[in-house]
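Participant: build me a model from this:
(chains A and B)
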Amino acid sequence: MLILGLDTSCDDTSAAVLEDGRIVLSNIIQSQVKLHQPHGGVVPELASREHIRNIMHVAQEALKTAQVKTEEIAAVAVTIGPGLIGSLLVGLYYAKGLAYGLGIPLVAVNHLEGHILSVFLEEDHPPFPFIILTVAGGHTSIYYVKDFGHYEQMGQTLDDAAGEAFDKVAKILGLGYPGGPVIERAAKKGDRERIKFPRAYLAKDSLDFSFSGLKTAVALYVKEWEKGGKDVTLEDISASFQEAVVDVLADKLILAARKKGVRHVCMAGGVASNSRLRERLLEVTGANGLKAYWPRPAYCTDNGAMIALAGYHRFMRGEVADLSIDVKSRFPIGQNA
Amino acid sequence: MNPSGPMKLAVRSNSSEETVGLGQKLGKLLTSGDVVALIGELGSGKTWFTKGIARGLDVPAETIVTSPSFTLVNCYEGRLPLYHMDGYRLEEASEFINAGLEEYFYMDGISVLEWADKWPELLPAWHLKARFKILGPDSREITFEGNHPRARQIIEAIEEELMREN
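Facilitator: Numbers count the residues shown, from 1 in each chain, chains lettered A, B, ... in the order given. Reported below is the predicted structural model:
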């Protein structure tokens, strides 16, 4: 059975064809990073205009690469939230048109569920139950996953998402956009122990995150640093900041696994591609007798394959959407489409 | 105070909890159509202040108010709808308008806009300003400012509330 998955929730236009909920026949991602670079972030008006320009050829490219005819698609799965309203609308209305025109079901998918299930796009995926950290520009949350469709949120950020902290700190440091890769690159040449930035663990046992204090600490530090006289490099600041984020993410994942008595620990989302975070997660899971998983970078960024996979499982449970369905900018994972 | 100039009220906060508390006081006073313009650098407490406004509007405690920098607008349901907007990633006024954000000012509910000083010309006349200044790692100065009778009315009510407390 073939599912076409579409995602236009933020700055990437993506489409994928998935066979039998397991085999990725194609996964096309058209990134808008270059377009957004001068603005230091995603500009939604540009984003939705670009999605309109891209969606048709990205979807057709996905079908062509998969060597599949449009009529062979069993259902079309599309992200309806959370995300930028203008961007989500482009994907949803294209999907509605396809579903109506082809007379096939439309399946509405939560973007976060796509990230949670993205680990199943890899051959070496965790068994249920597992813990997963979804970490990107718009979200940072920990879930306990019992089965497909059964997600318990154990913690989330109380202010900024981790990816947002990377973006804002990169802007403070004048490193450009997107923040994750530019800080990671600078950090490789820096000393991560050089500056002890605050780690917000919040209450003992809390699985919530807070990154706004760290962002403020970096901003205040940079103000002092710019006056000169400190034997510290931009790379040291980058590395020390990154280490503060990585420490908290890794420690809370282990805490979550311990609370649930789970042996399998995963992460997904854009920040999950960070090489220092991967290194730390391997260290801490190894030290605690746990096993770590994450999908390859193409499945960490926003992508159609994870939406097709989440859509496949919804479709198998009979969760088909009405063509009158609308997008949702806020969309908690427990909520039904 | 010069009656013809804008009315101002400066309040000191010594922690993010106090900032939330001040936001809550404001939230309780707001009525449909009010617009709160937040101004202040990164990390000065704008999002935490908005958590307080949400609490003052009876948004359920289990709903967590997070930064809208990425999503541009987050909507919450309290005794009135709360539209929490963020202009951080935008540059031109046209981007703000094209993203549909200006429309929230004129809807039923409360609009709170972070980085509101980017396009002062887009704010409705009756908006209330709150300026955030970083004094130290935890302390902030929050200054309410307004010209319009509605904004003055809110500032007076906050002042009364603070005086009653002391």
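Participant: flag every buried residue along stretch A:315-332.
Facilitator: Within stretch A:315-332, the residues scored as buried using 16 or more other Cβ atoms under 10 Å in any protein chain shown are A:315, A:319, A:321, A:327, A:328, A:329, A:330, A:331. Placement of C-beta: from N, CA and C, glycine included.
Participant: state the distance from the residue nearest in space to the middle of chain B to chain A.
Facilitator: By Cα atoms, centre = their mean, the mean C-alpha position of chain B lies nearest to residue B:36, the distance being 3.9 Å. For residue B:36, the distance to chain A (Cβ to the nearest Cβ, to the nearest Å) stands at 18 Å.
Participant: now the residue nearest to that residue when sequence neighbours are not counted: phi and psi?
Facilitator: Leaving aside its sequence neighbours, residue B:36 sits nearest to residue B:112 (Cβ to Cβ, 6 or more residues apart in numbering or on different chains; 4.7 Å). Backbone torsions of residue B:112, given as degrees, to the nearest 10, read phi -120, psi 120.
Participant: just checking, residue B:112 touches residue B:39?
Facilitator: No: here residue B:112 does not reach residue B:39: they are 11.8 Å apart, not a contact under Cβ atoms under 8 Å.
Participant: quick one on the thing from earlier: ok, now which ones touch the residue nearest to the centre of chain B?
Facilitator: B:26, B:30, B:53, B:110, B:111, B:112, B:113, B:127, B:128, B:130 (Cβ atoms under 8 Å, 6 or more residues apart in numbering or on different chains).
Participant: likewise residue A:248?
Facilitator: Per Cβ under 8 Å, 6+ apart, neighbours of residue A:248: A:199, A:200, A:201, A:209.
Participant: quick check: residue A:10 is in a strand.
Facilitator: No: per DSSP: H, G, I helix; E, B strand; the rest coil, residue A:10 lies outside any strand segment and is coil.
Participant: lowest-pLDDT helix or strand in chain A?
Facilitator: Taking mean pLDDT, DSSP states H and E as the measure, chain A has helix A:33-36 as its least confident helix or strand, at a mean of 59.
Participant: tally up the residues packed near the closest residue to residue B:59 other than its chain neighbours, please.
Facilitator: Closest residue in space to residue B:59, ignoring its immediate chain neighbours: residue B:78 at 3.9 Å, by Cβ to Cβ, 6+ apart. Look at residue B:78: counted by other Cβ atoms under 10 Å in any protein chain shown, it has 19 neighbours.
Participant: pLDDT at residue B:78, what is it?
Facilitator: Here the pLDDT value assigned to residue B:78 is 94.
Participant: how about the strands in chain B?
Facilitator: B:7-13, B:35-40, B:73-77, B:81-86, B:110-114, B:128-134, B:140-146 (DSSP state E).
Participant: most surrounded residue in the contacts of residue B:36?
Facilitator: Counting neighbours by other Cβ under 10 Å, residue B:112 comes out on top of these with 32 neighbours.
Participant: who does it bridge with?
Facilitator: For residue B:112, the beta-bridge partners are residue B:36, residue B:84 (DSSP bridges).
Participant: next one, pLDDT for it please.
Facilitator: Looking at residue B:112, the pLDDT reads 98.
Participant: quick one, helices of chain B?
Facilitator: B:16-29, B:46-56, B:93-98, B:149-165 (DSSP state H).
Participant: and the stretch 201-337 of chain A, which of its residues are near chain B?
Facilitator: A:212, A:213, A:215, A:216, A:217, A:219, A:220, A:329, A:330 (Cβ under 8 Å from any Cβ of the partner chain).
Participant: residues contacting the last one?
Facilitator: Contact analysis of residue A:330 by Cβ under 8 Å, 6+ apart lists A:81, A:82, B:71, B:74, B:75.
Participant: are we agreed that residue A:299 is in a helix?
Facilitator: Yes: counting by three-state DSSP, residue A:299 is part of a helix.
Participant: my read is that it contacts residue A:117, right?
Facilitator: No: the criterion here is Cβ under 8 Å, and residue A:299 misses it with residue A:117 at 10.0 Å.
Participant: any residues in contact with both of these two?
Facilitator: With Cβ under 8 Å, 6+ apart as the test, residue A:299 and residue A:117 both reach residue A:306.
Participant: mind checking which helix or strand residue A:152 is in?
Facilitator: strand A:150-156 (DSSP states H and E).
Participant: distance from the next helix or strand after that strand to the middle of the chain?
Facilitator: For strand A:150-156, the following helix or strand on the C-terminal side (DSSP H and E) is helix A:162-172. Offset of helix A:162-172 from its chain centre (Cα atoms, centre = their mean, to the nearest Å): 15 Å.
Participant: how about stretch A:291-308?
Facilitator: Worked out by Cα atoms, centre = their mean, stretch A:291-308 lies 8 Å from the chain centre.
Participant: first to last residue in that stretch, what's the distance?
Facilitator: 26 Å (Cα to Cα, to the nearest Å).
Participant: buried stuff in it?
Facilitator: Buried-residue list, stretch A:291-308, by 16+ other Cβ under 10 Å: A:291-295, A:298-308.
Participant: and the strands of chain B, which is most packed in?
Facilitator: strand B:110-114 (a mean of 28; mean count of other Cβ atoms under 10 Å in any protein chain shown).
Participant: pull up the gap between the residue in chain B that chain A sits nearest to and residue B:22, please.
Facilitator: Here the residue of chain B nearest chain A is residue B:43; by Cβ to the nearest Cβ that distance is 2.9 Å. Taking Cβ to Cβ, to the nearest Å as the measure, residue B:43 falls 17 Å from residue B:22.
Participant: nearest spatial neighbour of whichever residue of the stretch 101-250 of chain A sits closest to chain B, skipping sequence neighbours?
Facilitator: Going by Cβ to the nearest Cβ, chain B is nearest to residue A:216 of the stretch 101-250 of chain A, at 2.9 Å. Using Cβ to Cβ, 6+ apart and skipping the chain neighbours, the partner closest in space to residue A:216 is residue B:43 (2.9 Å).
Participant: the one you found: how many residues sit nearby?
Facilitator: Neighbours of residue B:43 (other Cβ under 10 Å): 25.
Participant: these two touch, right, it and residue A:215?
Facilitator: Yes: using Cβ under 8 Å, residue B:43 is in contact with residue A:215, at 5.2 Å.
Participant: now for residue A:15: which residues touch it?
Facilitator: Residue A:15 touches A:4, A:5, A:6, A:7, A:26, A:28, A:55, A:58, A:59, A:61, A:62, A:304, counting by Cβ under 8 Å, 6+ apart.
Participant: and those residues, which is closest to chain B?
Facilitator: When those are compared against chain B (criterion: Cβ to the nearest Cβ), the nearest one is residue A:7, at 15.5 Å.
Participant: residues of the helix or strand bottoming out on mean pLDDT in chain B that come out buried?
Facilitator: When the helices and strands of chain B are compared on mean pLDDT, DSSP H and E, helix B:93-98 comes out lowest with a mean of 83. Buried positions in helix B:93-98, judged by neighbour count with 16+ other Cβ under 10 Å: B:95, B:96, B:98.
Participant: what sits closest to residue 137 if chain neighbours are left out?
Facilitator: I went with chain A, as the question did not name one. According to Cβ to Cβ, 6+ apart, the nearest residue to residue A:137 is residue A:163 (3.6 Å).
Participant: um, chain B though
Facilitator: In space, residue B:137 is closest to residue A:220, 7.0 Å off (Cβ to Cβ, 6+ apart).
Participant: thought that neighbour was touching residue B:134?
Facilitator: Yes: here residue A:220 lies in contact with residue B:134, judged by Cβ under 8 Å, at a distance of 7.4 Å.
Participant: hey, what's in contact with both of those two?
Facilitator: Common neighbours of residue A:220 and residue B:134 (Cβ under 8 Å, 6+ apart) are residue B:43.
Participant: understood, closing this out.
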